[in-house]
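# no sequence on this one, just coordinates:
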């Protein structure tokens, strides 16, 4: 099935979009969280442009993990198998309204679990249903359960070997060499990630969890979309950016999954999504209590993407060099470039590319940190071959500027109009594991070698066209402890 023609998007914009956007932006500035939860804004256009793919709706039992999307559809793009992600994503950040007493926390914990259980009973954790992931930032643990966290939060074995004291799996977000000086390191207590092919399912869940202000004070709402380009036609990113009037939208290749063109959801081995669990790779000392078994770490950031700089200042070959590695030969129309175990670049290869070209590729530079260096067998018996990627990505395109709604619009730099960007959401075993990969993206390799780049240099890969605005790390507890983890141990 081909996507509807771009003229449909233009007609939508001409007849209804400006009024909704003006209303939404006015509400953003005035702090109207209730209205923001109720309206999808331009993201309602996704369903007009790309009908939800036909997927089976199996009654699958919910896994002990919160972060895994079950029953993902597999499609072929440029001869490579890829996962078709859920079309819609929404991430809501918040602080708790609970008083710091055992009784108050017990009431909120019970109410939150009842609401989450209702969603579980209504939807499977699949694209046709609804995937709900509740995560907690350090401010939650520091405010409500500091003593329990000191005992139960797992320890990062690798990071601890390089430190004078134990390092937990969750550490404060940091900036990186290519980050601008004004990056906001957020301090949210809670983040809830909602993913589904159905915008209605996400709206229902968002209203149930946040609509009455009883449990949470919402601090931001972040929305976007993924996929939509595998069935032919212009592709969802091109159509959405064009409808929003984003500069450079016409330059996005037809069929692209992401604004920057290349596909990111390549299929790996079955069950590999559990590679990001705390217990899988042995990076983490889960502790004698095993409280956070089946949990993981989540990093959230927002990035602006300069489409005109990417498509006008870089030739196709230069985009391949930047996205993957210098000198890689890829036909001009190819969007899905195979990145399996056989294509993994090691640190020596990254250094050779730097010495020869004075540039590094995005995928190639992070692979020494983000891919397994030897075969590993997980506790569930799954064999992870050498070269298997460790991060489990859940990022999505956005037209937020930088968020759909913010409780602190001045601090967050809220602006009218749309802008191409990415809400980057990724699951890693620990904060330190994420940091290692992100540092490698800046030329700081796992073995300690540092490849020198001037700020904003083209040689630094994607970083020359990306601008990060916000960052925060979160801990994703297992499903059994998703409602105010550790709070039941206070009594």
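In hand now; what should we look at? All figures in this text were calculated on a predicted structure; none of them were measured in a lab.

# ends of stretch 370-384, how far apart?
One end of stretch 370-384 to the other measures 13 Å (Cα to Cα, to the nearest Å).

# please point out which parts of that stretch sit buried.
370, 371, 372, 376, 378, 382, 384 (16 or more other Cβ atoms under 10 Å). Glycine gets a C-beta too; all of them are placed from N, C-alpha and C.

# touching, the fifth one and residue 282? I think so.
Put plainly, it is residue 378. No. Contact criterion Cβ atoms under 8 Å: residue 378 and residue 282 do not qualify, at 9.2 Å.

# with distance to residue 148 and pLDDT added, can I get the buried residues of stretch 370-384 in TSV?
Formatted as TSV, those follow (distance: Cβ to Cβ, whole Å; pLDDT from 0 to 100):
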residue	distance to residue 148	pLDDT
370	32	87
371	35	88
372	33	89
376	31	93
378	28	92
382	31	89
384	32	89
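
# so which of those residues are in helices?
Those of those mapping onto helices are residue 370, per DSSP state H.

# which of the buried residues of stretch 370-384 lies closest to residue 329?
residue 371 (21.7 Å; Cβ to Cβ).

# same for the longest helix seen in the chain, what does it pack against?
What stands out as the longest helix in the chain, according to DSSP H, is helix 102-122. Contacts defined by 3 or more Cβ pairs under 8 Å, 6 or more residues apart in numbering; DSSP states H and E place helix 102-122 against strand 131-136, helix 199-210.

# which SSE is immediately downstream of the longest one?
Yep, that's helix 199-210 we're talking about. strand 216-225 (DSSP states H and E).

# against which helices or strands is that next one packed?
In terms of contacts (3+ Cβ pairs under 8 Å, 6+ apart), strand 216-225 is packed against helix 33-38, strand 88-96, helix 199-210, strand 396-398, strand 405-406, strand 421-428.

# quick one: contacts for the most centrally placed residue in the chain?
The residue lying closest to the centre of the chain (Cα atoms, centre = their mean) is residue 425, at 1.5 Å. Residue 425 is in contact with 89, 91, 193, 298, 299, 300, 393, 394, 395, 396, counting by Cβ atoms under 8 Å, 6 or more residues apart in numbering.

# per-residue pLDDT, it?
Listed pLDDT for residue 425 reads 97.

# ok, now the one 4 residues further on?
Reading off the per-residue confidence, residue 429 sits at a pLDDT of 97.

# which stretches in the stretch 251-400 of the chain count as strands?
284-285, 296-305, 376-377, 383-384, 392-393, 396-398 (DSSP state E, counting those that start in this stretch).

# in JSON lines: those, plus distance to residue 239.
Output for the strands of the stretch 251-400 of the chain, formatted as JSON lines (distance: least, Cβ to Cβ, whole Å):
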{"stretch": "strand 284-285", "distance to residue 239": "42"}
{"stretch": "strand 296-305", "distance to residue 239": "16"}
{"stretch": "strand 376-377", "distance to residue 239": "41"}
{"stretch": "strand 383-384", "distance to residue 239": "37"}
{"stretch": "strand 392-393", "distance to residue 239": "23"}
{"stretch": "strand 396-398", "distance to residue 239": "11"}
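
# let me know which of the ones you listed is the nearest to residue 40.
strand 396-398 (12.9 Å).

# nearest residue to residue 451 other than its sequence neighbours?
residue 443 (3.4 Å; Cβ to Cβ, 6 or more residues apart in numbering).

# any idea how far the one you found is from residue 424?
Remark: distance between residue 443 and residue 424 (Cβ to Cβ, to the nearest Å) = 19 Å.

# looking at those two, which has the bigger crowd around it?
Under the criterion of other Cβ atoms under 10 Å, the comparison of residue 443 against residue 424 puts residue 443 first, with 24 against 19.

# pLDDT of stretch 295-315, averaged?
Across stretch 295-315, pLDDT averages out at 95.

# buried residues, it. List them.
Neighbour count says stretch 295-315 has 295-307, 310-311, 314 buried, by 16+ other Cβ under 10 Å.
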